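1. just a sequence and a predicted model for now, questions to come.
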Amino acid sequence: MNKDITLIFHNQGLRSFIEVDLCAECPRQDDKGCCGFYSPVFYPTDLAFLHLHQPEIIAQIFAMDHLTILDHSITVNNVPEGDSYRCKFHRKSGGCMLDQTRRESICRHFVCPGIGWWEEATLQDWKKYMEQLTDYEIALNQRLADALNARRLNLRDPSLRETYFRVLIELHTQETENTPDFISRMPAQQSFRIMRQLRFGKDWEL
């Protein structure tokens, strides 16, 4: 079965995301798709954004069980369900409970291999953009982590968290004061349609 798939690239700097209309009718047909295999990890850039725009999500995360809390990241470990798992943010009706800009980078950037948009000649500028954005985010998270380490701040110790987030916001604001050229060169939004052959159930690769 061939299907016309629409992808919309949203350039929002560090909160950029890819919107795919196929997700609403995932070929996996198991009401969770890729959300049955991945545990989201929130890094300093994610935590700074959430703290500034929707801090109650951070409180909700810390209230969850089975977290992996390292010095500068929080993994929300998924829960077993059938022969796979289910992300704790995923609901059977309506999908992810987080708006796309609130999600961490894998969940904002992931598109299943069956779509393979990066193979399209017309999408090479966006392929390069997403690669540069990933490298930029990794480097920025490392700089933030190093600066927080220098102040002896971490997420493991609950007594340090109020100070941790205050300092994180200060550092994040300084680091993101200037927008990198590769971000400003791309449009704020761009839509494309590509044709792909669908397979269903476990034949659809994630």
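-> Great, that's in hand.
2. after the helix ranked longest in the chain comes which helix or strand?
-> Counting residues, the longest helix in the chain under DSSP state H turns out to be helix 124-150. The helix or strand immediately downstream of helix 124-150 is helix 161-175, counting by DSSP states H and E.
3. what packs against that following helix?
-> helix 44-53, helix 124-150 (3 or more C-beta pairs under 8 Å, 6 or more residues apart in numbering; DSSP states H and E). C-beta coordinates here come from the backbone N, C-alpha and C atoms, glycine included.
4. what's next to the very next helix or strand once past the shortest one, contact-wise?
-> Using DSSP H and E, the helix or strand that follows helix 44-53 towards the C-terminus is helix 55-63. Contacts of helix 55-63 from elsewhere in the structure, counted by C-beta atoms under 8 Å, 6 or more residues apart in numbering, are F42, L47, L50, H51, L67, I74, V76, L98, R102, F165.
5. the second one and Q60, how far apart?
-> Yep, that's L47 we're talking about. Going from L47 to Q60 by C-beta to C-beta, to the nearest Å gives 13 Å.
6. of these two, give the one with the bigger neighbour count.
-> For the pair L47 and Q60, the greater number of neighbours falls to L47 (26 against 16), based on other C-beta atoms under 10 Å.
7. contacting residues for that one?
-> I58, I74, F165, L168.
8. re the thing from before, out of the contacts of helix 55-63, who's the most crowded?
-> Of these, with other C-beta under 10 Å as the count, L47 tops at 26 neighbours.
9. what's the neighbour count on D65?
-> Close neighbours of D65, defined as other C-beta under 10 Å, add up to 8.
10. M195 pairs with what?
-> M195 has these beta-bridge partners by DSSP bridges: D4.
11. still on that earlier bit, same question for the longest helix of the chain: list its buried residues.
-> By 16 or more other C-beta atoms under 10 Å, the buried positions in helix 124-150 come out as W126, Y129, M130, L133, Y136, E137, L140, N141, L144, A145, A147, L148.
12. what of stretch 77-87?
-> Buried residues in stretch 77-87, counted by 16+ other C-beta under 10 Å: N78, S84, Y85, R86, C87.
13. what's the answer for stretch 181-201, then?
-> I183, M186, I194, R196.
14. which one of these sits closest to G33?
-> R196 (15.3 Å; C-beta to C-beta).
15. what residue of this protein is the furthest out?
-> What lies farthest from the middle of the chain is M1; by C-alpha atoms, centre = their mean that is 29.6 Å.
16. I'd like to know how far the nearest residue to that one once chain neighbours are set aside sits from I8.
-> Spatial nearest neighbour of M1, chain neighbours left out: L198 (4.8 Å); criterion: C-beta to C-beta, 6 or more residues apart in numbering. As judged by C-beta to C-beta, L198 and I8 stand 19 Å apart.
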